[in-house]
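> Attaching a predicted model along with its sequence, questions to come.
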Amino acid sequence: MTDAFHSEPTNNIVDFKPRSQLAAEAQLAAFIEWAKQTLPKGIPNRVHASIRWEDGSWHQHGVHACSFTAHGSTIAAPKAMQAPFTEFAKAVVVYRRVYLKKKSLNNVLNALKALEVALFELTGTRDVTRVSAAVCNKACEHMNFHWTKGNTAYQHGRALEALITLMRAKKLLKSDFRWTTPLKLRPSGTLKQQKADQEQKLPSPDAIRALGQVFTNELTRPLDIVVTSACALLLSAPSRVGELADVELDCLVFKD
């Protein structure tokens, strides 16, 4: 396997370099093996030492919001991504998180999930070497149907576009092809419409007044303490609201 990599390392992690004489299936197997060997090398800067390749979620191991679930999976009705597609998805995450040092994986993970559904629908398999332009277009249809608000579907479509570029560069496709996402940015609307949309997102005046009253209380009730503490955290990092659900009791930690 040593001649399958670049000779010059990047922060002790070398890139995967395909062998020109290998078929797509062999290139894919080599890419996955490279990822398995590379995953521990991301420790301690990008992932935790507790991470294991076979885990269904890497969220608790330093790869934020990374769970290998299927398209449409929910907490109430969880559905796992299926093999062998899961192996490819994990290899992509390793490439982006450990090698490229990307922090956010949300778009590429959702693109992978939609791609898995489309691939199985059109080919009856989860063999990623059989991905085609038709499969990618079908994946975009799923995205457009599932994410109807804002430009979420468009962003996931762009992530799929970058994923295909990676697969072409690493020779992971049986039939090479060029593809761009058919999904377009949604119009932002007139200034009047934008203002109306912004006002709609704001809480009601009654809710704002009630929140202010909470801060003027003596803060002896547990609910008041929870509300004011949550507000302080969200004012510090408003985009990380989901982490409030993970805060443990007596979570104060002292470190040198």
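Perfect, I can see it now.
> any chance you could map the helices in this protein?
24-38, 85-93, 106-123, 133-146, 152-169, 191-201, 205-216, 222-236 (DSSP state H).
> got those helices as a markdown table, with mean pLDDT, distance to residue 63 and mean neighbour count columns?
C-betas here are computed from N, CA, C, even on glycine. Listed next are the helices of the chain as a markdown table, based on pLDDT from 0 to 100; distance: least, C-beta to C-beta, whole Å; neighbours: other C-beta atoms under 10 Å:
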| stretch | mean pLDDT | distance to residue 63 | mean neighbour count |
| --- | --- | --- | --- |
| helix 24-38 | 96 | 13 | 19 |
| helix 85-93 | 97 | 7 | 22 |
| helix 106-123 | 96 | 10 | 21 |
| helix 133-146 | 96 | 22 | 19 |
| helix 152-169 | 96 | 16 | 19 |
| helix 191-201 | 78 | 30 | 9 |
| helix 205-216 | 84 | 34 | 10 |
| helix 222-236 | 84 | 22 | 12 |
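> Adding distance to residue 14, write the ones you listed out as TSV.
Converted to TSV, the helices of the chain look like this (distance: least, C-beta to C-beta, whole Å):
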stretch	distance to residue 14
helix 24-38	8
helix 85-93	15
helix 106-123	21
helix 133-146	29
helix 152-169	15
helix 191-201	46
helix 205-216	52
helix 222-236	38
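> Out of those, which is closest to residue 55?
Closest approach to residue 55 among those is made by helix 85-93 (9.3 Å; C-beta to C-beta).
> outside of the closest one, which residues touch it?
28, 31-32, 34-35, 53, 58, 63, 66, 68, 80-81, 105, 108-109, 112, 116, 119, 126, 128, 163, 166 (C-beta atoms under 8 Å, 6 or more residues apart in numbering).
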